[in-house]
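Undergrad: Sharing a model that was predicted from the sequence below.
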Amino acid sequence: CAIATDVPTEGFTEGSSYTITVTSTTSLAQKLTCSSGDIGGSTQVNTDSTTTSQTYTWTAPSCDSSSSASFRALCGAGGSIDEMWYAE
């Protein structure tokens, strides 16, 4: 499970939208969370089916000079496939 973003290294702009992509080498369900801002109106989102890559739109929060955001992803499967990965 891996996370890639197009958030600039110098930081995000308040209210701007950015792309967050979660990938895995195996087709798995995904959960993505953000510490601030939102992904489709929430701080977390789940895929409805298994996938190796899913792109989400994150909207940056109101900010000041100390504002930051972090992302966490969980990729996993149940049943006979007992695999789970975590990315930060």
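TA: Right, received. Where do you want to start? In this text, all values refer to a predicted model and were calculated from it rather than measured experimentally.
Undergrad: which residues of this structure score low on pLDDT?
TA: Residues of the chain meeting the criterion pLDDT under 70: 64-66, 78-88.
Undergrad: Please repeat the previous calculation with a cut-off of 80.
TA: Scanning the chain for pLDDT under 80 picks out the ranges 48, 63-67, 77-88.
Undergrad: Please, where are all the strands along it?
TA: 2-5, 17-34, 38-39, 44-46, 51-59, 71-76, 84-87 (DSSP state E).
Undergrad: Reformat those as JSON lines; add mean neighbour count and distance to G11.
TA: Where you see a C-beta, it was placed from the backbone N, CA and C, and this is true even at glycine. Listed next are the strands of the chain as JSON lines, based on neighbours: other Cβ atoms under 10 Å; distance: least, Cβ to Cβ, whole Å:
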{"stretch": "strand 2-5", "mean neighbour count": "14", "distance to G11": "12"}
{"stretch": "strand 17-34", "mean neighbour count": "18", "distance to G11": "11"}
{"stretch": "strand 38-39", "mean neighbour count": "16", "distance to G11": "17"}
{"stretch": "strand 44-46", "mean neighbour count": "15", "distance to G11": "22"}
{"stretch": "strand 51-59", "mean neighbour count": "16", "distance to G11": "14"}
{"stretch": "strand 71-76", "mean neighbour count": "20", "distance to G11": "14"}
{"stretch": "strand 84-87", "mean neighbour count": "14", "distance to G11": "21"}
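Undergrad: what residue is smack in the middle of the chain?
TA: Central residue of the chain (Cα atoms, centre = their mean): L32, 4.0 Å from the mean position.
Undergrad: isn't it right up against A73?
TA: Yes - L32 is in contact with A73 according to Cβ atoms under 8 Å; the separation is 5.0 Å.
Undergrad: and for those two, which residues touch both?
TA: 3, 22 (Cβ atoms under 8 Å, 6 or more residues apart in numbering).
Undergrad: Not counting its neighbours along the chain, what's nearest T55?
TA: Spatial nearest neighbour of T55, chain neighbours left out: T21 (4.9 Å); criterion: Cβ to Cβ, 6 or more residues apart in numbering.
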